[in-house]
Structure formats: C-alpha cells, structure tokens
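**Q** structure of the sequence below:
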Amino acid sequence: MTQQQGRLIAIASGKGGVGKTWLAVTLAQAMSHAGRSVLLADGDVGLANVDVQLGLRPELDMVAVLAGRATLAEAVLHHAGGFDVLPGRSGSGSFGALSDAAMERLTALLAEARLHWDVVLLDLGAGVDPGTRRLAALADTLLVVTTPEPTALTDAYAVLKLHGRDRPDGDARIVVNQARDQPAGKRAAATLRRAAAQFLDRDIPLAAILRLDERVPEAISRQTPLLTRHPTSPAGEDVEALARRLTA
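**A** Numbering: from 1, shown residues only. As a prediction, this is how the structure comes out:
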C-alpha cells in the first residue's frame, strides 16, 4: 500500500514586510489546533527568520540536512505551540543560487517530510528568484500574501504571473493581510483578481482577509505565536478561519 502524503502548502509574497512569515507561524499553530500534525519549514534560506520569530536557537537546520550532516528528524524542533519547525539558515544565500543537485535534494527532503506530517508549510523567501519559483511550483497550494498597498499588490501579481507559467494547473490563492476591515480587504483582493483574470486568464480565489491588528507586532516582538499570546485577537481569529478552510 502506498503511504499517504501530507499536503504541501507554500506561502509566498512578492515583497518583504507583508507578514508572510508571521502568517506561516500563525497558520502552523492554527492547523495544529485543528488536529493536524504540522511541519513549518523555513524556505527563506538567505533571510531565514522563523526561528527568530519563535525565539528558537537551532543547532541544526535545513542546510545541514541538505549537506548530509543531519537527518530530517535530527534537525526538526518541536514548538510548544503544537507544531514542528525545520529552521533555515540566515545569511547562507538564496535558493536561487542552489545547484540543480541541491534543489533535487531539497525536493526529496520535502517529499520525505510529507510522509511524516499531515501538512508541510513552506515559508518561501520574498520575491521571484528561480529557486523560489521552483519550490512554489511543487506546492499543492500556494498562498500569495499581499497587503492593500499598491506596491504589494503589484508584486503579488508578479508572483501569480510567474506561478501561472511554472504551474498552469496550480492552486494559487490570495491572502490580503493588514486590511483595515473586511471591505478594504475585499477591494484589494478584487483589484488583484481582476488583473489576473484580464491579463493572465486565471481565476485566483481569495483565501482570506486578515485584519490589521496591533497585537501582531507585539507578539512578534515577544517572540511568541499570536495564538499563544492573544488567542482571541482579530487577526488570530482570521487565521484560524483560514486554517479551517484549508483543512476542511
């Protein structure tokens, strides 16, 4: 009997500063609350910061696994929030600089992870370098994070455009973060969806609107997941609703 594979969900953004890593962390905890075993893998090798947001001090990381100096099990850390973490390594260059052989090892590593966890959340680096694009194309679902700011929407459109080339049949969805309210988030999403429909001939669904919430930066500064520090916060409720939709 073939072992069932877990779901690979990649989280991408066209630019930094839109809350991509915060969403990855919060979604990992929310999905674990929904009864799923979750591995949060930091795919932003050059600027890895999942461990920083969580206050972790890893001795081993994804780069050590790819180099054969550690196994996946040895590098994974369990967080008190209920999910596991495979740290990246900051300052080691981007996936765009990885050789084809290294990228194949990374692909194999993600395939291995999917055999052991219900969900593998891959926090991609911001931007559209070739390595990041290849990883995005591997995902069962790609969540593209933007804010209502025009530059963020433009960069998110670039991610969707290239993902459409790399994975024409791929499941890409929009997440609008830091929205003043639901109507503002819906307007931002509608702008992006119209552009994708008109110029890319793609119908990109809206996955979630995450409200602007002053508790988010406070939790990040405390290196504590939002759902641990402020379990009933508006943004936390929005991410939990997203987790329910993704796990339904």
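
**Q** from T147, how far off is T228?
**A** 24 Å (C-beta to C-beta, to the nearest Å). For the C-beta atoms, the positions are set from N, CA and C on the backbone; glycine is no exception.

**Q** how about low-confidence regions in this protein?
**A** 1-3, 45-46, 90-98 (pLDDT under 70).

**Q** thinking again about what came up before, same drill for T228 and T147, tell me which one is more crowded.
**A** Taking other C-beta atoms under 10 Å, T228 and T147 do not tie; T147 has more neighbours (23 against 16).

**Q** which ones are touching that one?
**A** Contact criterion C-beta atoms under 8 Å, 6 or more residues apart in numbering gives V18, G19, L153, V176, N177, Q178, A179, A188 as the residues in contact with T147.

**Q** again, but for V25
**A** Per C-beta under 8 Å, 6+ apart, neighbours of V25: L40, V50, Q53, L54, P225, L226.

**Q** chain center to stretch 211-231: distance?
**A** Put simply, stretch 211-231 sits 17 Å off its chain's centre (C-alpha atoms, centre = their mean, to the nearest Å).

**Q** now swap in stretch 190-197 and tell me
**A** Distance, centroid of stretch 190-197 to centroid of chain: 21 Å (C-alpha atoms, centre = their mean).

**Q** show me the contact partners of the longest helix along the chain.
**A** Taking DSSP state H as the criterion, the chain has its longest helix at helix 150-166. Residues from elsewhere that reach helix 150-166 (C-beta under 8 Å, 6+ apart): 12-15, 18, 128, 133-134, 136-137, 142, 144-147, 170, 172, 174, 188, 191-192, 195-196, 199-200, 202, 204.

**Q** from those, which would you call buried?
**A** 12-15, 18, 128, 133-134, 136, 142, 144-147, 170, 172, 174, 188, 191-192, 195-196, 202, 204 (16 or more other C-beta atoms under 10 Å).

**Q** which of those residues fall in strands?
**A** In strands, defined here by DSSP state E, the members of these are A12, S13, L142, V144, V145, T146, A172, I174.

**Q** correct me, but the third one touches D171?
**A** In this case it means L142. Yes: taking contacts as C-beta atoms under 8 Å, L142 lies within contact range of D171: 6.8 Å.

**Q** if you look at the contacts of T147, which of them are in helices?
**A** Using DSSP H, the members of those that fall within helices are L153, A188.

**Q** who wins on neighbours among the contacts of T147?
**A** Neighbour-wise, the contacts of T147 (other C-beta under 10 Å) top out at V176, 30 neighbours.
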